[in-house]
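Novice: sequence and predicted structure, then a few things I'm wondering about:
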Number of protein chains: 2
Amino acid sequence: MKARVHVTLKPGVLDPQGKAIANALHSLGFDGVKEARQGKVIDLDLDDTDAEAARARVDDMCRQLLANTVIETYRIEVDP
Amino acid sequence: MKARVHVTLKPGVLDPQGKAIANALHSLGFDGVKEARQGKVIDLDLDDTDAEAARARVDDMCRQLLANTVIETYRIEVDP
C-alpha cells in the first residue's frame, strides 16, 4: 500500500527557502509571484493491507519522525 | 491564484534522503516500510487570474528553476 505525506510549514513560520525561490523567480522575470513556500512530500511503500491501519501507522511516523509539529503541519493520503 | 508544484525524483534515481528516512523509521520499529522517497512541494501565490495562463507560467518556472528535469518530474495543481 502506498501512502503520501505532505509536510508544510505552519502559516507565519519564516521560510527562508521559499523566500529564496521567490527572489530567484523574480530575477528570472516572473514578477507575478507574490509568495513562495516550500514543503516536503514523502512517499512511503508500506506492508499494510488495511487503509485505516496504514493511516494510523503513518500518523505515528509523522509525529515521531517525519514532521516537527511545533512548526510544521502534515497531511496524509493513503492510496490502497 | 494559488498553485502547487510537486517535484519528485524519477523512478530509478538514487534517493539518499529517502533511504535515510526508511532507515530511521525501521530503527523506530516501523518495520512495515518497504521504501521511502522524498520530494519537494512548492506553494506559489500568483498574480494571474486565468488558470490556464497561470499553469503555463508555472510550467515555465518549473523548467527554468524549480525542477531539474534530468532527474526530477513535476506536477502542477492550480487552485483558482
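Specialist: Structure's in. What do you need? Source: prediction; values computed, not measured. Residues are numbered from 1 along each chain as shown, chains lettered A, B, ... in the order given.

Novice: quick check: residue A:39 is in a helix.
Specialist: No. Under DSSP: H, G, I helix; E, B strand; the rest coil, residue A:39 sits outside any helix and is assigned strand.

Novice: nearest residue to it in space, ignoring adjacent ones along the chain?
Specialist: Sequence neighbours aside, residue A:8 is the residue nearest to residue A:39 in space, at 3.6 Å (criterion: CB to CB, 6 or more residues apart in numbering or on different chains). C-beta here means a position set from N, CA and C on the backbone, and glycine is covered the same way.

Novice: just checking, that neighbour touches residue B:41?
Specialist: Yes. Shown here, residue A:8 and residue B:41 form a contact pair, counting by CB atoms under 8 Å, at 7.0 Å.

Novice: and for the two, which residues touch both?
Specialist: A:39-40 (CB atoms under 8 Å, 6 or more residues apart in numbering or on different chains).

Novice: which residues touch the residue nearest to residue A:39?
Specialist: A:37, A:39-40, A:72-75, B:41, B:43.

Novice: let's have these in JSON lines, adding neighbour count.
Specialist: Formatted as JSON lines, these follow (neighbours: other CB atoms under 10 Å in any protein chain shown):
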{"residue": "A:37", "neighbour count": "20"}
{"residue": "A:39", "neighbour count": "23"}
{"residue": "A:40", "neighbour count": "19"}
{"residue": "A:72", "neighbour count": "17"}
{"residue": "A:73", "neighbour count": "15"}
{"residue": "A:74", "neighbour count": "20"}
{"residue": "A:75", "neighbour count": "13"}
{"residue": "B:41", "neighbour count": "19"}
{"residue": "B:43", "neighbour count": "19"}
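
Novice: if we can go back for a sec, for the residue nearest to residue A:39, pull up the helix or strand it's in.
Specialist: Residue A:8 is part of strand A:2-9, with elements assigned from DSSP states H and E.

Novice: cool, thanks, signing off.
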